[in-house]
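Colleague: Okay, sequence plus prediction incoming.
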Amino acid sequence: MFSAKASSLPIARVSVHGDRLEGVIDSRAWLRLGDALVSVQAVSVDLDLIRRGQVIAADGHIEVLGEIRCERCMGVMPLQLSVTVHSGLAEQECAVAALDPGLEVVLAENGVVAQQSWLEDEVLLALPMIPRCVDWKSGICPVSGLEPLVVVK
């Protein structure tokens, strides 16, 4: 088993019988995610690591609990995000493509994956581009309690 808190993942250490990457992340180290959200309460990782020749297939989920700003009412709304991970970790992109072109390529420079950057990238790519309170129709937002500005033509 590999700890989700580790800074790097040496792919040669993944067992031929499979391994796991799991645990709670110290989200204070994820500065880019901290900039994208109002607050980050918890991030947990649960991935299966399976060796397939030169490639490590990583499958599972990253769970994120936090708060994000609504782009409609500009209020703070809760965010509960489950990010599906389906990646191939290898020293060469062509090895991943040959195994399964559907895998997201994660390069392992000199056999080592920059684990925190990789996991943070997965979460950042899964964030909504334009987050909005889903319950709001008009008037005061039931999530934030704010009334969005309306532009009159």
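Modeller: The structure has been received and is ready for your questions.

Colleague: can we go C-alpha only for contacts and neighbour counts from here?
Modeller: Will do.

Colleague: element containing residue 22, please.
Modeller: strand 19-24 (DSSP states H and E).

Colleague: Could you list the buried residues of that strand?
Modeller: Going by neighbour count (16 or more other CA atoms under 10 Å), the buried part of strand 19-24 is 19, 20, 21, 22, 23.

Colleague: and that strand, which strands flank it?
Modeller: When pairing is defined by DSSP bridges, strand 19-24 lines up against strand 2-3 (parallel), strand 39-52 (antiparallel).

Colleague: I'd like the buried residues of strand 19-24 as a markdown table, with pLDDT and distance to residue 127 appended.
Modeller: Shown next, in a markdown table, are these (pLDDT from 0 to 100; distance: CA to CA, whole Å):
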| residue | pLDDT | distance to residue 127 |
| --- | --- | --- |
| 19 | 96 | 27 |
| 20 | 97 | 25 |
| 21 | 97 | 22 |
| 22 | 97 | 21 |
| 23 | 97 | 21 |
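
Colleague: picking that back up, deepest of the strands paired with strand 19-24, which one?
Modeller: Highest mean neighbour count among these (mean count of other CA atoms under 10 Å): strand 39-52, with a mean of 19.

Colleague: I'd like to know how far residue 45 sits from residue 72.
Modeller: Going from residue 45 to residue 72 by CA to CA, to the nearest Å gives 31 Å.

Colleague: actually residue 103, sorry about that
Modeller: Distance from residue 103 to residue 72, counting by CA to CA: 35 Å.

Colleague: who's residue 43 bridged to?
Modeller: As for beta bridges, residue 43 partners with residue 64 under DSSP bridges.

Colleague: Next, the contact list for it, please.
Modeller: Listed by CA atoms under 8 Å, 6 or more residues apart in numbering, the contact set of residue 43 reads 24, 25, 26, 27, 62, 63, 64, 65.

Colleague: Just confirm residue 63 contacts residue 41, I think it does.
Modeller: No - using CA atoms under 8 Å, residue 63 makes no contact with residue 41, being 10.8 Å away.

Colleague: Could you name every residue contacting both of the two?
Modeller: By CA under 8 Å, 6+ apart, no residue touches both residue 63 and residue 41.

Colleague: Output the below-cut-off pLDDT ranges for the protein.
Modeller: Along the chain, segments meeting pLDDT under 70 span 134-153.

Colleague: Quick check on the most centrally placed residue in it: phi, psi?
Modeller: Centroid-nearest residue in the chain: residue 123, 2.0 Å away (criterion: CA atoms, centre = their mean). Note on residue 123: backbone dihedrals following degrees, to the nearest 10 are phi -70, psi -50.
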